[in-house]
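Engineer: Take a look and give me a structure for this.
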Amino acid sequence: MNANKNASRHSLKSDMARVDAHTLKKEEYEDLPELTEEMLARAKVNKGGRPLSPNPRKLISLRLPADVIELWKATGPGWQTRMAERLSKIR
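Structural biologist: Here you go, the predicted structure:
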């Protein structure tokens, strides 16, 4: 992301300066419900990101002839995936 650009302002369509300037007052805390053991028991931590793959890929180093690589690249985007699919059919 460009450090000179504030993406939040445009994407949230909010007055972020006003939000950042707000400080919580004591009476605002009174509006919050008390946390109970039942609430905490139902809590679920949701980590972001991709789900784990059942068959994760492993990084290897493989030397191939330049003409072979060029032939695969000439097939267009996704050539590495197609190459992996073709190799997995050899089993």
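Engineer: Secondary structure element holding the residue of the chain most remote from its centre?
Structural biologist: In the chain, the residue that sits farthest from the middle, by Cα atoms, centre = their mean, is residue 27; the gap is 37.0 Å. For residue 27, the element it lies in under DSSP states H and E is helix 26-30.
Engineer: got a list of contacts for the next helix or strand after that helix?
Structural biologist: Next helix or strand after helix 26-30 toward the C-terminus (DSSP H and E): helix 37-42. With Cβ atoms under 8 Å, 6 or more residues apart in numbering as the test, helix 37-42 has no contacts from any other residue. C-betas here are computed from N, CA, C, even on glycine.
Engineer: buried residues in helix 37-42?
Structural biologist: Within helix 37-42, no residue is scored as buried using 16 or more other Cβ atoms under 10 Å.
Engineer: quick one: average pLDDT of that helix?
Structural biologist: For helix 37-42, the mean pLDDT works out to 92.
Engineer: And stretch 50-69, by the same measure?
Structural biologist: Averaged over stretch 50-69, pLDDT sits at 92.
Engineer: quick thing: my sequence starts at 489, can you match it?
Structural biologist: Let's use 489 as the start, then, which means that last one is stretch 538-557.
Engineer: Nearest spatial neighbour of residue 567, chain-adjacent residues omitted?
Structural biologist: Leaving aside its chain neighbours, residue 567 sits nearest to residue 560 (4.5 Å; criterion: Cβ to Cβ, 6 or more residues apart in numbering).
Engineer: Lovely, talk soon.
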